[in-house]
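In: Model the following, please.
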Amino acid sequence: MLAASVIAAALYLLMAGLRLRQYRAGEALDRSKLMMLAVPTLLVHGYAAWAALQTDAGLNLGFFKISSLIFWVINLAFLLSLLRRPLDNLLLILYPLSALSIVVSAVAPGNASPFQDMAPGMLVHIVSSILAYALLTIATCQAGLVALQDYQLRHHHPVGIIRALPPLQLMESMLFELLWLGLILLSLSIASGMLFLEDMFAQHLVHKTVLTMAAWLLYAVLLWGHHALGWRAQMAVKLTLAGFAVLMLGYFGSKLVLEVILQRA
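Out: Prediction:
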């Protein structure tokens with residue numbers, strides 16, 4: 001598992017370095033070469049991420065362990081989006097972070113209690129949660145680019161990476177597509193949790209449940225406002241960032257406090 005993690009991390013850094021060299025030279029992304037590297041990298045990354053979760057007692061879904069799996073889902077979604085969307089320069093941000101997540105997941109201790117004999121309903125809840133977090137993470141990165149692009153266009157001074165991005169209208173369209181998919185998966189996560197978890201409002205889950213529902217409400221309000229009131233760049237960015245902050249506080253914040261600070265499962 002450690003060897004696979006090192007190989008996957010090195011491949012991500014290699015692809016990021018190649019894209020950086022192309023960007024500095026003003027060259028377009030060579031998608032055929034990227035696919036030749038990205039597909040095997042995803043396979044190795046997937047193996048390393050899954051192996052990091054395995055223990056003799058069952059699956060360990062701890063704070064550090066799960067980060068690599070989330071980045072694997074993000075990279076898979078990103079690669080599929082790249083086939084029809086010009087998202088080339090996001091590689092410069094995503095791939096170094098992916099490499100970091102793989103290494104941390106491989107070497108970090110796992111303090112969370114392993115899951116044994118996981119029921120299908122519980123698996124649906126976990127998988128939908130991971131996919132929702134992954135898509136909403138991509139949407140948040142997209143919102144950051146939209147905010148920067150909108151700011152520079154308003155000040156009539158697009159520079160740097162912004163000049164290589166698609167038109168703002170297309171960037172906004174991509175953002176709302178990601179938000180819709182993320183909200184659907186987040187809804188599935190909440191619904192499956194209510195059905196298959198014994199008590200979503202138990203003491204150790206109540207903060208996560210409340211914050212996840214608050215994030216769902218923020219995303220739902222944003223999408224309703226876009227559809228009914230025509231909300232666009234600035235409002236979309238603010239509510240996307242707010243929803244993501246609340247969602248991550250509910251998931252990673254609680255896990256960080258319980259597992260790292262309090263040393264509890």
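
In: what about the strands in the chain?
Out: In the chain, the segments counted as strands under DSSP state E are 54-55, 58-59.

In: how many other residues sit next to F78?
Out: 21 (other CB atoms under 10 Å). Where C-beta positions appear, they are placed from N, C-alpha and C, glycine not excepted.

In: Next: L153.
Out: L153 - counted by other CB under 10 Å - has 14 other residues nearby.

In: For it, give me its contacts.
Out: L153 is in contact with L168, counting by CB atoms under 8 Å, 6 or more residues apart in numbering.

In: per-residue confidence at it?
Out: With respect to pLDDT, L153 has a value of 77.

In: still on that earlier bit, least confident of the strands of the chain, on average?
Out: strand 58-59 - the lowest mean pLDDT of those, at a mean of 66.

In: quick one: least confident helix or strand in the protein?
Out: helix 254-255 (a mean of 56; mean pLDDT, DSSP states H and E).

In: Next, the contact list for the nearest residue to L241 once chain neighbours are set aside, please.
Out: Among residues not flanking L241 along the chain, A143 sits closest, at 6.0 Å (CB to CB, 6 or more residues apart in numbering). Counting by CB under 8 Å, 6+ apart, A143 touches 175, 236-237, 240-241.

In: where's A143 relative to L239, distance?
Out: 9 Å (CB to CB, to the nearest Å).

In: What of F176?
Out: Distance from F176 to L239, by CB to CB: 11 Å.

In: same thing with L14?
Out: Noted for L14: a distance of 37 Å to L239, by CB to CB.

In: L37: how many residues sit nearby?
Out: 14.

In: what stretches of the stretch 101-250 of the chain score poorly on pLDDT?
Out: 109-119, 157-166, 198-205 (pLDDT under 70).

In: Can you show me the helices along it?
Out: 120-154, 168-196, 206-229, 233-248 (DSSP state H, counting those that start in this stretch).

In: Throw the ones you listed into JSON lines and include distance to S98, thanks.
Out: Shown next, in JSON lines, are those (distance: least, CB to CB, whole Å):
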{"stretch": "helix 120-154", "distance to S98": "11"}
{"stretch": "helix 168-196", "distance to S98": "18"}
{"stretch": "helix 206-229", "distance to S98": "23"}
{"stretch": "helix 233-248", "distance to S98": "17"}
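
In: of these, which approaches Y95 most closely?
Out: helix 120-154 (12.5 Å; CB to CB).

In: distance of the residue of the chain most remote from its centre from Q234?
Out: Computed with CA atoms, centre = their mean, the maximum C-alpha offset from the centroid of the chain is found at H156, amounting to 31.4 Å. Per CB to CB, H156 is found 17 Å from Q234.

In: next one: P120
Out: P120 is 43 Å from Q234, by CB to CB.

In: okay, these two: which has more neighbours?
Out: Q234 (13 against 8).

In: Settle this for me: the more buried one is touching R154, isn't it.
Out: No: Q234 is not in contact with R154 according to CB atoms under 8 Å; the separation is 9.6 Å.

In: Alright, that wraps it up for me.
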